[in-house]
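Chemist: Could you look at this predicted model? Sequence included:
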Amino acid sequence: MSPATKTDGLYAVHPGVTMVQKWIKELPQKTGRSLEEWVALTKKSGPPTEKERREWLKKEHKLGTNSAAWIAERAAGKGTEEPSPDAYLKTAAEWVEAQYSGPRAALRPLYEQLLKLGSSLGKDVKACPCKTMVPFYRNHVFAQIKPSTNTRIDLGFALGNMKTPKRLIDTGGYEKKDRITRRIEVKSKADIDGELKRWLKKAYEMDE
């Protein structure tokens, strides 16, 4: 399943999941060993710590930084929970349910309106839920929907250090090198207005 594949028109597989799945699939062809074989070799012949194993895989076996890190992590018994695309999509839906349950259930209609709005910007838009928010991807994250309090959703935008009106609150993200640098507070349907839509479209267009 490619990262652009959407399920039920709502969510797509997170690029990170897709990247790891592609790496696992291509590992035998590129290195002559499957992931399971690399893990077994590392446990048997590699040094004892995860950090030493990473360096050993890079130096002795000429593996790239990511490959060495992922193999060393799995040899230490970590990272095995990396979901398949299907498992991710199931979990993603559960994350969204959890984000808008209990005292935040009243925010669900606002979330659904924002999700529909972001997804309508183009066929290349992917909504890929995380545990606490739902980012929109084009080539990178260009916006995100996050329930910040029981009465407010923050719609974040990747706008760099662009000068914006006072309504767009500086997240401090530019200084921290985060993608999301501005946010608009959404407390009611009235907040999902023309200005919000224009800035969401601007963030989408900037991620060409």
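Modeler: Right, received. Where do you want to start? This one's a predicted model, so the numbers in the text were calculated from it and none came from an experiment. Numbering: from 1, shown residues only.

Chemist: Summarise which helices and strands the strand ranked longest in the chain is packed against.
Modeler: In the chain, with assignment by DSSP state E, the single longest strand is strand 141-149. Contacts defined by 3 or more C-beta pairs under 8 Å, 6 or more residues apart in numbering; DSSP states H and E place strand 141-149 against helix 108-119, strand 134-137, strand 152-157, helix 194-206. Every residue, glycine included, has its C-beta placed from N, CA and C.

Chemist: possible to save those as a markdown table with mean neighbour count and distance to residue 19?
Modeler: Shown next, in a markdown table, are the helices and strands packed on strand 141-149 (neighbours: other C-beta atoms under 10 Å; distance: least, C-beta to C-beta, whole Å):
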| stretch | mean neighbour count | distance to residue 19 |
| --- | --- | --- |
| helix 108-119 | 18 | 22 |
| strand 134-137 | 24 | 12 |
| strand 152-157 | 24 | 23 |
| helix 194-206 | 16 | 22 |
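
Chemist: can you tell me which of the ones you listed comes nearest to residue 54?
Modeler: Of all the helices and strands packed on strand 141-149, the one in closest proximity to residue 54, counting by C-beta to C-beta, is strand 134-137 (28.3 Å).

Chemist: Name the residues that touch stretch 184-194?
Modeler: For stretch 184-194, the external contacting residues (C-beta atoms under 8 Å, 6 or more residues apart in numbering) are 109-110, 113-114, 117, 151-155, 157, 167-169, 196, 199.

Chemist: Show me what counts as buried in it.
Modeler: Within stretch 184-194, the residues that count as buried by 16 or more other C-beta atoms under 10 Å are 184, 186, 191, 192.

Chemist: Out of these, which comes closest to residue 84?
Modeler: Closest to residue 84, out of all of the buried residues of stretch 184-194 and judged by C-beta to C-beta, is residue 186, at 33.2 Å.

Chemist: which helix is the longest one in the chain?
Modeler: Once the chain is assigned using DSSP state H, the helix that runs over the most residues is helix 15-31.
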